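**Student:** Turn this into a structure:
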Amino acid sequence: MSNNSPFGYSSLTIEQCQQARLSRDQRFDGQFFIAVKTTGIFCRPICPAILPKEENVQYFANKAQALESGFRPCLRCRPDSAPESWAWKGVETTFIRALKLIDNGELQRSSLTSLAERVGVSDRYLRQLFQRYLGISPKRYAQLQQLMFAKQLLHSSSMSMTDIAFASGFNSVRRFNDAFQQHLSLSPSKIRRQAHHLGLKKSIDLPFKGQIDWPFMLAFYARRAIAGIETVTNTHYERQVKINDASAWFSISKKSEHALEMEFELEDISQLRALVNQVRRMLDLDADTDVIEQHLDKVAPELVHQKGIRIPGTWNAWEAGVRAILGQQVSVTAAIGQLNLLLRTLCEEGGYFPEPHQIAQADLSFLRMPQSRKETLHRFAEFMAVQPQTDPSEWLVLKGIGPWTISYAQLRGLSQPDRLLDKDLVVKKALVDFPQLTTETASPWGSYATFHLWNL
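**Tutor:** The predicted structure follows:
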C-alpha cells in the first residue's frame, strides 16, 4: 500500500490517478472515480468531458463515497455502469464478504445484526469496518447502492418505472422519486426520457472491460449444458435459476463490443440486483482481459491464441462441486451424461438444479459410476445441506474430495481469478510446452492460464 494513496485499501497513488484521468486510460475504469468540485459531478476516468483542473478534482474509490460527499453521477459517462474493480484485494476478508452480500441485497431481506452474524462479527465491529474503509455505515452504503442500481436500470433497461423502483429495493414509487431528487437532484422520469427505451421485453445491458470471446463462451457452455435447465444457441445462453428462493429465467446475448444484453423474467423483481451480480460473476464480466492477457503474454508467449477468453462459471459453488465430483477421472462427455441422468431422475419436472437436500435424501444407485463416487456425492450433499455457505476450501474434510475438486469449484463456482489447475490431466499435458508457466508466474491470473491451456 502506498503512503501516497488516496484510498485506504488500494495501491493506487494520487499520481497514478492523475495520469489515468488525463490519458482517459481504460485500464483504470471502475478502479476509482473523479469528482469535480466546481460542477458537483463525479465521473469515470474514461469520461469524454473536458478535463477539469487538478485543483478542482477529488478522487474516490467507490461510487457510494462520491454520492455521500454530495456529488451527482455524470450523465455522459454514467458511473453507475462502470464495471466493478479489482482494487479491493488485500482488504480485510470480512469487509469484502459483507460488501458483496450488501451488493446482492442482503440488507433488503435481513437486519444488520443478521448480516454481521453471517460474516462472523458483531454489528458494532462491522460498522467500524465500513467506517474505516468507506467512511459510511453499512446501511448508508446499501441505500446509495440502491440509487446507483436504479439509475443504471433507468438508462439501460426497458423496465417500467414501478418495476425499477421495486427492483432497486424501494418500497414505493414515491420513495424512489424522493430519493432521486434528494441525492441526485434529478427525477427518474428525466433520466428515462434521455434513455429513449422502446419495446415490451424486460432487459438490461451488462457492460464489460476488455474483449470477450463470446463464441468460445457459448461453445464451452454448450458442451456442458444441462438438459431442461440450460439452452445454448449460436448467439444466446439461456438458463432457469433460483435466486434467493425466487424463480428466474435469463437469456444472454452480445449487444456490442463492450456490452452483453440480458433479457429476463423474475418472480420477485426485488431480486434483480442479486440476479445481475450473479450473472456478472458467472460470465466473469468484471475482469479486464486486456490486462490479463498482457501478463500471460509476458510469462508464456504463444499461450494466448484467442483474445477475450473469460471464466465460464457455474451458477454457484454447490453446482460446481457436483459437476466436479461427477467429472472425477472421466471425460467431459461422460461427466455431463451422468449429470443429466442425475437431473432426469431427481427433477422430473426439470427447470432448476437440485438443492443439496434433494440429493442427500435420494437413492443414487441409478448413477453409472463407481460406488465410492456415489458415496462422495452423497456426503457432499449432506454437508452442503447443513452448511451451504461454506467455502470450498473447507470441503477437504470430506472423504473423496481432493484438491482438484476444490480448485475446480473455486474456479467455476466462485470465479476466483488465480486457480491454475496444474493437476488436471489436460493442463498437465499442455504445460509441457510452457515450462515457464507455473502457479507462481501465472499469478494473479492462473484461472485464465487454465482456460487458455484447455483451449489449446
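
**Student:** which residues touch the longest strand along the chain?
**Tutor:** Ranked by residue count and defined by DSSP state E, the top strand of the chain is strand 246-256. Strand 246-256 has contacts (Cβ atoms under 8 Å, 6 or more residues apart in numbering) with 205-206, 212, 214, 235-242, 260-268, 271, 275, 279, 283, 352. Every residue, glycine included, has its C-beta placed from N, CA and C.

**Student:** so what secondary structure elements neighbour the following helix or strand past it?
**Tutor:** Toward the C-terminal end, the helix or strand that comes next after strand 246-256 (DSSP states H and E) is strand 259-266. Here strand 259-266 touches strand 203-207, strand 246-256, helix 272-282, going by 3 or more Cβ pairs under 8 Å, 6 or more residues apart in numbering; DSSP states H and E.

**Student:** Residue ranges in the stretch 251-400 of the chain under the pLDDT threshold?
**Tutor:** Within the stretch 251-400 of the chain, the segments meeting pLDDT under 70 span 348-350.

**Student:** mind redoing it with 50?
**Tutor:** For the stretch 251-400 of the chain, applying pLDDT under 50 flags no range at all.

**Student:** Mind giving me the PyMOL command for buried ones among the contacts of strand 246-256?
**Tutor:** Filtering the contacts of strand 246-256 down to the buried ones (16 or more other Cβ atoms under 10 Å) takes a single PyMOL command:
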select buried, resi 205+206+212+214+237+238+239+240+241+242+260+261+262+263+264+266+268+271+275+279+283+352
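
**Student:** burial count for residue 151?
**Tutor:** 24 (other Cβ atoms under 10 Å).

**Student:** what's the pLDDT at residue 88?
**Tutor:** On the pLDDT scale, residue 88 is placed at 51.

**Student:** what's the answer for residue 10, then?
**Tutor:** Reported pLDDT for residue 10: 55.

**Student:** Same question for residue 201.
**Tutor:** On pLDDT, residue 201 comes in at 62.

**Student:** what do you get for the one 10 residues further on?
**Tutor:** In the predicted model, residue 211 carries a pLDDT score of 93.

**Student:** what residue is smack in the middle of the chain?
**Tutor:** The residue lying closest to the centre of the chain (Cα atoms, centre = their mean) is residue 281, at 2.2 Å.

**Student:** residues contacting the residue nearest to it when sequence neighbours are not counted?
**Tutor:** Excluding its sequence neighbours, the residue lying closest to residue 281 (Cβ to Cβ, 6 or more residues apart in numbering) is residue 415, at 5.3 Å. Counting by Cβ under 8 Å, 6+ apart, residue 415 touches 281-282, 284, 311, 313, 447.

**Student:** Can you read off the backbone torsions of residue 415?
**Tutor:** phi 60, psi 40 (degrees, to the nearest 10).

**Student:** gap between it and residue 39?
**Tutor:** Distance of residue 415 to residue 39, given as Cβ to Cβ, to the nearest Å: 37 Å.

**Student:** Equivalent analysis for residue 433, please.
**Tutor:** Distance from residue 433 to residue 39, by Cβ to Cβ: 54 Å.

**Student:** Next, the distance between the ends of stretch 402-414.
**Tutor:** Using Cα to Cα, to the nearest Å, the end-to-end distance of stretch 402-414 comes out at 17 Å.

**Student:** got the contact list for that stretch?
**Tutor:** Stretch 402-414 is contacted from outside by 311-314, 316-321, 323-325, 327-328, 392-393, 395-396, 416, 419, 421, 423-424, 447, 450, using Cβ under 8 Å, 6+ apart.
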